[in-house]
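Q: The following comprises the amino acid sequence and a computationally predicted model.
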Amino acid sequence: MTATTTTTTPNPDPSGSPGLSDPVGEPPLLEVRNLTVTYGGGADAVPAVRGVDLRVEAGQKLGIAGESGCGKSTLALALLRLLPATAKLTGEILLDGEDVLTMKWGRLRAVRWAGASIVFQGAMHSLNAVHRVGDQIAEPLLLHSKATPAAARRRAGELLEQVGLPAARAQAYPHELSGGQRQRVMIAMALACDPRLIVADEPTTALDVMIQAQILRLIEQLVSDQNVGLIMISHDLAVLADTCDRLSVMYAGRVVEEGPARQVYTDARHPYGKALSAAFPRIGDLSSRHAPRGLPGDPPDPAALPGGCTFHPRCPVALDVCDTEDQELRDAGAERRAACVLVDVDGAHPDGAHPDAKDAHADGARPDAKGAHADAAQPGDDEARSTS
Ligand SMILES: Nc1ncnc2c1ncn2[C@@H]1O[C@H](COP(=O)(O)OP(=O)(O)OP(=O)(O)O)[C@@H](O)[C@H]1O
Ligand code: SF4
Ligand SMILES: [Mg+2]
């Protein structure tokens, strides 16, 4: 991995996230500025993350949503420089004001676990099958906190109890635990060195809904009890809206919409945010259960991104200008931003097909959209949702 820093003038609040506390002289817990990650180089270069800004305060929960391949895990791994050597990074990742990208190796080791820790995607399968789970929780304590073996074992038992498992389960091997219990063990490991930031990459994928709800409540409880920051990654906007304070929606390596989590979920400004939100029914909202689902077409290949707004081949309300004009995040109402030409500063947004939409037609999907089909989700079509 190659880390280089940008030479651009730092933006004092690149997240554009008004409403976050910003005590004078105190840097936020995490501030990501104009982060790019490119795998490989030359003709095979894959720009997986393309200029992302994020900000997380202590005790704050930020959700990151987006379809498969939009760069969520790449972003998570970049935060602690856990990417393969083929990945080139630019920008800044400031943890308590200190740039992770320029840290010396020794400092980086200290920051991993104690500064920030990650619950990896597919964590249930990443426990070592031949070691007892208590020993696996104790390992970072021995390595990073210089605990004695007896103190590390004791602490491992306490951590298991903290995540709702009896301390005696420390003696179990991973195969003796259920999926939900293994996920709790992974969370206990992430908590071992009292990190100030936890990054949870799809922590509940593959768990049944009851266990998923338990794990989410557990994470929420731990975050509020210990005042740590949380970044939770998921493709499921409903889960994030339920758990997080703020939401960033990624598309093709960029944040295309951000704002208070509930608002983004129930009233997205960006057509992609709308489509993603329509893909997950709202609990207790019958109309959303009958909404058309699915977004026509596939996310673009990062190695061959379309010009202009990268969402334009799938966007049901695209204008001619969208094929050629790249869209930056712009103000989209109080504490909100969206990267769409149809969004204006007072928060107006595309409700259904814009009169100027070049291919607007009855079912909202552009006829030339890759994979367009009759029951395509219609971003913004709340009326259709409630009457269909
Ligand atoms: N080690 C790698 N080398 C080259 N390309 C990679 C590598 N890892 C990921 N990519 C590419 O980078 C892009 C982003 O991948 P990433 O895993 O970050 O997506 P994601 O949003 O986490 O997807 P998912 O929801 O499926 O987990 C994808 O196009 C992927 O193929
Ligand atoms: S209207 Fe244009 S700018 Fe907005 S999301 Fe659709 S294609 Fe992108
Ligand atoms: Mg991923």
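A: Everything's here; your move. Ligands and ions are numbered 1, 2, ... in the order given.
Q: remind me, longest helix of this structure?
A: Scanning the chain for the helix with the most residues, using DSSP state H, yields helix 209-226.
Q: For it, enumerate the helices and strands it packs against.
A: Identification of packing neighbours for helix 209-226 by 3 or more Cβ pairs under 8 Å, 6 or more residues apart in numbering; DSSP states H and E yields helix 179-191, strand 197-201, strand 229-234, helix 237-243. Yep, even glycine has a C-beta here, placed from its N, CA and C like the rest.
Q: what number of residues lie near residue 34?
A: 17 (other Cβ atoms under 10 Å).
Q: what kind of secondary structure is it in?
A: Three-state assignment for residue 34 (DSSP: H, G, I helix; E, B strand; the rest coil): strand.
Q: Tell me the spacing between the nearest residue to it once chain neighbours are set aside and ligand 3.
A: Distance criterion Cβ to Cβ, 6 or more residues apart in numbering; nearest residue to residue 34, sequence neighbours excluded, is residue 91 at 4.4 Å. Separation of residue 91 from ligand 3 (Cβ to the ion, to the nearest Å): 20 Å.
Q: quick one: what helix or strand has residue 91 in it?
A: In the assignment (DSSP states H and E), residue 91 maps to strand 87-95.
Q: on that earlier part again, now for the residue nearest to residue 34, how many residues are close by?
A: The burial count for residue 91: 23, using other Cβ under 10 Å.
Q: Residue 178 now?
A: The burial count for residue 178: 11, using other Cβ under 10 Å.
Q: With residue 132 instead?
A: Number of residues near residue 132 (other Cβ under 10 Å) recorded here: 17.
Q: Repeat that for residue 334.
A: 12.
Q: so what's the backbone phi/psi at residue 328?
A: Torsion angles at residue 328 (phi, psi; degrees, to the nearest 10) stand at phi -90, psi 160.
Q: To clarify, my last question referred to residue 258.
A: With angles defined as degrees, to the nearest 10, residue 258 sits at phi -150, psi 150.
Q: Just read off the phi/psi values of the residue nearest to it when sequence neighbours are not counted.
A: Distances taken as Cβ to Cβ, 6+ apart place residue 248 nearest to residue 258, at 4.4 Å, with adjacent residues excluded. Backbone torsions of residue 248, given as degrees, to the nearest 10, read phi -120, psi 130.
Q: before we move on, what about residue 192?
A: Per-residue torsions, residue 192: phi -50, psi -50 (degrees, to the nearest 10).
Q: Read off the pLDDT value for the nearest residue to residue 175 once chain neighbours are set aside.
A: Of all residues not flanking residue 175 in the chain, residue 129 sits nearest, at 6.5 Å (Cβ to Cβ, 6+ apart). Looking at residue 129, its pLDDT is 92.
Q: just to revisit the earlier point, quick one: list the elements packing against the strand holding residue 91.
A: Under the contact criterion of 3+ Cβ pairs under 8 Å, 6+ apart, strand 87-95 touches strand 2-4, strand 30-39, strand 46-56, helix 72-79.
Q: Is ligand 1 within reach of that strand?
A: No - using Cβ under 6 Å from any ligand atom, strand 87-95 never reaches ligand 1; the gap is at least 6.9 Å.
Q: Spell out which parts of the stretch 101-250 of the chain neighbour ligand 1.
A: Residues of the stretch 101-250 of the chain found near ligand 1 (Cβ under 6 Å from any ligand atom) are 121, 235.
Q: And the helix or strand that contains residue 111, what's buried?
A: Using DSSP H and E, residue 111 sits within helix 105-114. Using 16 or more other Cβ atoms under 10 Å as the test for burial, helix 105-114 gives 108, 111, 112, 113, 114.
Q: Could you report the pLDDT at the nearest residue to the fourth one once chain neighbours are set aside?
A: Leaving aside its chain neighbours, residue 113 sits nearest to residue 193 (4.1 Å; criterion: Cβ to Cβ, 6+ apart). pLDDT recorded at residue 193 is 88.
Q: What of residue 97?
A: pLDDT, the model's per-residue confidence, is 94 for residue 97.
Q: What's the separation between it and residue 332?
A: Residue 97 sits 29 Å away from residue 332, going by Cβ to Cβ, to the nearest Å.
Q: between the two, which one's more packed in?
A: Neighbours per residue (other Cβ under 10 Å) separate residue 97 from residue 332, with residue 332 holding more: 27 against 11.
Q: Mind pulling up the pLDDT for whichever residue of the stretch 151-300 of the chain sits closest to ligand 2?
A: For the stretch 151-300 of the chain, the residue closest to ligand 2 is residue 271, as judged by Cβ to the nearest ligand atom, at 4.4 Å. As predicted, residue 271 sits at a pLDDT of 95.
Q: Good, wrapping up.
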